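Novice: Build the 3D model from these lines:
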Amino acid sequence: MRWALVKVCLAVTAMVVVAFAVPLGLVVRETARDRAAPHAERQAAALGPALSVTTERAALERAVQFTTAGAEGRMAVHVPADGDRPALTVGTARASSRDLASTRRLARAVTTATPGGQLLLQPTALSGSRTAVVEVYVPEAEADRGVAAAWLTLAGVAVALVIGSVAVADRLGVRMVGPARRLAGAAHALGEGSLGVRVPEEGPAELRQAAVAFNSMADQVVELLANERELAADLSHRLRTPLTVLRLNAASLGEGPAAEQTRAAVEQLECEVDAIIRTAREQKPRTQADGSGAGCDAAEVVRERMEFWSALAEDEGRTARVAGVDRPVRIPVARGDLAAALDALLGNVFRHTPVGTPFAVDLHDGGEDTHSVIVLVSDAGPGIADPEAALTRGRDGAGGAPAGVGSTGLGLDIARRLAESTGGDVRIGRSVLGGTEVRLWLQLRHTGEGPVPAERRARRRETRRGRPARHGVPHSS
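Specialist: Residues are numbered from 1 along each chain as shown. Here you go, the predicted model:
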């Protein structure tokens, strides 16, 4: 926008300069030539008194030399014949006999062109009805004296006007473009999760109004999110009462593996509810995908969550396998967030596959080559016919059917948002066990701030839609 304004201003100024400077330069040249003609006439008129007194060569030569044009060799006097006296020409003659005859016939001054300049032919009456002609040569340099300097002055003024207009347009463009760019940058930052960004209310009136509207919108977004967090905290807090009853009932179950597992599950559930309340009331999300010191050991989290789910798998006759957790794998994700994503994916396996269905969790560390970590959750279940629907918030479970009783429809969405907060994504395909494979791809070096913008997520979904999954037909759980 800035350079467009400068170009427009430059074009308009150039047109104005051309429209006025060129005609003015021509007028200056004509004025200089018109000024040279009267000077030549005065030189020719200076010989009138001498011609009225005598037509002797010596006297006329002295008279010619006394004039400026004569001393410079630019004047001649043509005296016609008188009886026995032949025609006389004094000085440097350039006029043709035809021009001289025409001047005597017209009996007035005549200007005619000649190589290198112009000739002024001034007739002067003599005795005996004779007419002498005084010739004054005006060279081009004399006629154009001062024109070059005037044209240089005009050119300087034109260049100064163009430079001044460009400078003014540039300053005006900065005044307009600067606030517009800040507004656009703030909009992108707000879209990527920087809720504290605001725009200075400066610039033209329209941009100031836009800045006021943007700041008001950002304040409303912050307020709405704060209300949403409080609502989530309040709703989670309501779970404490039934959890307390459940804990008391679990305490009365006595001893035994089932009782211990139930009490452990209740304790874990209480911890998760407390974590939800704390997270909901935090001003910033716990997941920070800036690659800084925050993060966790993915291998440790996978081992911990697999120990929890293995107990339930043993009760249901499921075979559970875990791989790739024999060494630390650091990722830029908070420990609780990764645990929540794993619980969501493993919970899908238990909810949407038959009892006894095997499952596996594999952790792949790409290292410095790919700067990524992949978590694969696989099962031998029936899979999902529409993986795109399963990845859509509010649709979870077998076949991508709408979430029903016992399913909030947020399991895969939790995993997807975690992956995209690092710059990665979630993909669904056919597992080596014959069922569903959910691939959680986490980037280790994500340069953006906050979650991945919605339009980038949409592009990724379009990309996934246009290519096959890793192990064949996409499926999900």
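Novice: so the residue positioned nearest the centre of the chain is in which element?
Specialist: Against the mean C-alpha coordinate of the chain, by C-alpha atoms, centre = their mean, the closest residue is residue 181 at 8.3 Å. Following DSSP states H and E, one finds residue 181 within helix 147-191.
Novice: now for that helix, which elements pack on it?
Specialist: In terms of contacts (3 or more C-beta pairs under 8 Å, 6 or more residues apart in numbering; DSSP states H and E), helix 147-191 is packed against helix 2-45, helix 205-237. For every residue, glycine as well, the C-beta is placed using N, CA and C.
Novice: Worst mean pLDDT among the ones you listed?
Specialist: When the helices and strands packed on helix 147-191 are compared on average pLDDT, helix 2-45 comes out lowest at a mean of 69.
Novice: And residue 426, its phi and psi?
Specialist: Residue 426 adopts backbone torsions of phi -120, psi 130, taken as degrees, to the nearest 10.
Novice: Test for you: state the pLDDT assigned to it.
Specialist: Residue 426 carries a pLDDT value of 90.
Novice: And for residue 380?
Specialist: Per-residue pLDDT puts residue 380 at 92.
Novice: how much space is there between the residue lying closest to it once chain neighbours are set aside and residue 164?
Specialist: In this structure, residue 380 finds its nearest non-sequential neighbour in residue 433, 4.0 Å apart by C-beta to C-beta, 6 or more residues apart in numbering. Using C-beta to C-beta, to the nearest Å, one gets 76 Å for the distance from residue 433 to residue 164.
Novice: Which one of the two is surrounded by more residues?
Specialist: residue 433 (17 against 11; other C-beta atoms under 10 Å).
Novice: what about that one, distance to residue 415?
Specialist: Separation of residue 433 from residue 415 (C-beta to C-beta): 19 Å.
Novice: same thing with residue 153?
Specialist: Residue 153 is 76 Å from residue 415, where distance means C-beta to C-beta.
Novice: cool, residue 97 as well?
Specialist: For residue 97 relative to residue 415 (C-beta to C-beta), the value is 110 Å.
Novice: who has more neighbours, the two?
Specialist: residue 415 (27 against 9).
Novice: now the more buried one, nearest residue through space, not along the chain?
Specialist: Distance criterion C-beta to C-beta, 6+ apart; nearest residue to residue 415, sequence neighbours excluded, is residue 341 at 4.4 Å.
Novice: tell me which element that neighbour is part of?
Specialist: Using DSSP H and E, residue 341 falls in helix 335-352.
Novice: go on, residue 377?
Specialist: Residue 377 belongs to strand 372-379, assigned by DSSP H and E.
Novice: Could you point out which residue ranges in the stretch 1-150 of the chain have low pLDDT?
Specialist: Scanning the stretch 1-150 of the chain for pLDDT under 70 picks out 1-10, 18, 20-21, 24-37, 141-147.
Novice: Could you rerun that using 90?
Specialist: For the stretch 1-150 of the chain, residues meeting the criterion pLDDT under 90 lie at 1-75, 77-150.
Novice: Then the stretch 201-350 of the chain?
Specialist: For the stretch 201-350 of the chain, applying pLDDT under 90 flags the ranges 201-211, 214-215, 218-296, 308-316, 332-341, 343-350.
Novice: Mind doing that once more with 70?
Specialist: Low-confidence segments of the stretch 201-350 of the chain (pLDDT under 70): 233-238, 240-241, 244-245, 277-294.
Novice: do the same with the stretch 351-477 of the chain
Specialist: When residues are selected by pLDDT under 70, those of the stretch 351-477 of the chain lie in 367-369, 392-411, 445-477.
Novice: how about the helices in it?
Specialist: For the stretch 351-477 of the chain, helices defined by DSSP state H, counting those that start in this stretch occupy the ranges 367-370, 387-390, 411-421, 454-465.
Novice: What helices and strands are in contact with the third one?
Specialist: Using 3+ C-beta pairs under 8 Å, 6+ apart as the contact test, the elements touching helix 411-421 are helix 335-352, strand 425-430, strand 436-443.
Novice: Name the strands paired with the last one and say parallel or antiparallel.
Specialist: Here strand 436-443 is paired, per DSSP bridges, with strand 372-379 (antiparallel), strand 425-430 (antiparallel).
Novice: Relative to residue 225, which of those strands is closest?
Specialist: Of all the strands paired with strand 436-443, it is strand 425-430 that lies closest to residue 225, at 23.9 Å by C-beta to C-beta.
Novice: and that closest one, C-alpha only, in CSV?
Specialist: What follows is strand 425-430, C-alpha atoms only, in CSV (Å, rounded to 0.1, in the frame of the first residue of the first chain):
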residue,chain,number,x,y,z
ASP,A,425,-0.8,-33.2,13.7
VAL,A,426,-2.8,-36.4,14.2
ARG,A,427,-3.3,-39.0,11.5
ILE,A,428,-5.4,-42.2,11.4
GLY,A,429,-4.6,-45.3,9.5
ARG,A,430,-4.6,-49.1,9.4
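Novice: List the buried residues of it.
Specialist: 425-430 (16 or more other C-beta atoms under 10 Å).
Novice: Specify the angle between it and helix 411-421 in degrees.
Specialist: Strand 425-430 runs at 130 degrees relative to helix 411-421, counting by axes from the mean of the first three to the mean of the last three C-alpha atoms, to 10 degrees.
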